[in-house]
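# Structure of the sequence below:
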Amino acid sequence: KSKTMQAEMSLRDRMSRDAWGSNSDGKSFDGLGLIVDSTGTVGGLSAATFTWWAATERAGGSFAAQGLNDMRIVFNTISFGNNTPDAIFMPQAVYEFYEAALQPQERYTNTKAANSGFMNLTFKSIPLFFDRDATAGTIHFLNSRSINYCVHRDANMATGKFVEPEDQDAMSAKILLQGNLTTGERRKHGKITGVTA
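Sure, this is the predicted structure:
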């Protein structure tokens, strides 16, 4: 049981790292670093040739000075009517910059105990999440209707036969996963890069 749990945790960590990467090595997922970008080729379409295909990318800076304005601009740019981003991801440090920006607006309603901080953060009613593997200094705006996790039906964490090597007192099995992150509308995603305090 412990070995199975260890394998599951290792796979989960690997998938998280791949999801944020910009890999195109054929062994890793094509991560958000590749999909949510204003350059490069995704799905056989080059952002240089098909400019309408490119994701929105905005250079950031000091969050205290311009962060909320940058977020408004990216959100509005990649919104098409009511088809808007529905999740915003960032690393822990940027998440804390956002929380600090909201702190002056915090009001204490419990008269017996003042509890500082927020449990759930949103921007225009969209939930914000931080992920330890998210790209440093970057805020990603994602539209779940335009991003998919595709997996081969016969290779969705399929465990092979356990075999015992002739020179070890152990058994091992392969866990097979074949899949990728895909998008049908790259332009509906966006990011802010270079965010600092």
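# Helices of the protein, start to end?
Ranges of helices in the chain, per DSSP state H, are 2-20, 32-35, 68-77, 92-102.
# Quickly compare these and say which is most buried.
helix 32-35 (a mean of 22; mean count of other Cβ atoms under 10 Å). C-beta: built from backbone N, CA, C; applies to glycine.
# neighbouring contacts of that helix?
Where contact means Cβ atoms under 8 Å, 6 or more residues apart in numbering, the residues beyond helix 32-35 that reach it are 19-24, 40, 42, 55, 135, 140, 142, 147, 181, 183, 186, 189.
# Filter those residues down to the buried ones and hand me the ChimeraX line.
Buried residues within the contacts of helix 32-35, by 16 or more other Cβ atoms under 10 Å, are selected in ChimeraX with:
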select :19,20,21,23,40,42,55,135,140,142,147,181,183,186,189
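# Among the contacts of helix 32-35, which ones are in strands?
42, 140, 142, 147, 181, 183 (DSSP state E).
# follow-up on the earlier one: export the helices of the chain to JSON lines and append columns for distance to Met157 and mean pLDDT.
Listed next are the helices of the chain as JSON lines, based on distance: least, Cβ to Cβ, whole Å; pLDDT from 0 to 100:
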{"stretch": "helix 2-20", "distance to Met157": "7", "mean pLDDT": "84"}
{"stretch": "helix 32-35", "distance to Met157": "21", "mean pLDDT": "92"}
{"stretch": "helix 68-77", "distance to Met157": "34", "mean pLDDT": "97"}
{"stretch": "helix 92-102", "distance to Met157": "28", "mean pLDDT": "92"}
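# quick one, which of the ones you listed is nearest to Ala155?
helix 2-20 (12.8 Å; Cβ to Cβ).
# Which elements pack onto the closest one?
Helices and strands touching helix 2-20, by 3 or more Cβ pairs under 8 Å, 6 or more residues apart in numbering; DSSP states H and E, are helix 32-35, strand 175-183.
# May I have the first one exported as CSV, CA atoms only?
To tie it back to what came earlier, the one meant is helix 32-35. Output in CSV follows, covering the C-alpha atoms of helix 32-35 (Å, rounded to 0.1, in the frame of the first residue of the first chain):
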residue,chain,number,x,y,z
LEU,A,32,0.4,25.8,-19.9
GLY,A,33,3.7,27.5,-20.5
LEU,A,34,3.4,26.4,-24.1
ILE,A,35,-0.4,26.8,-24.5
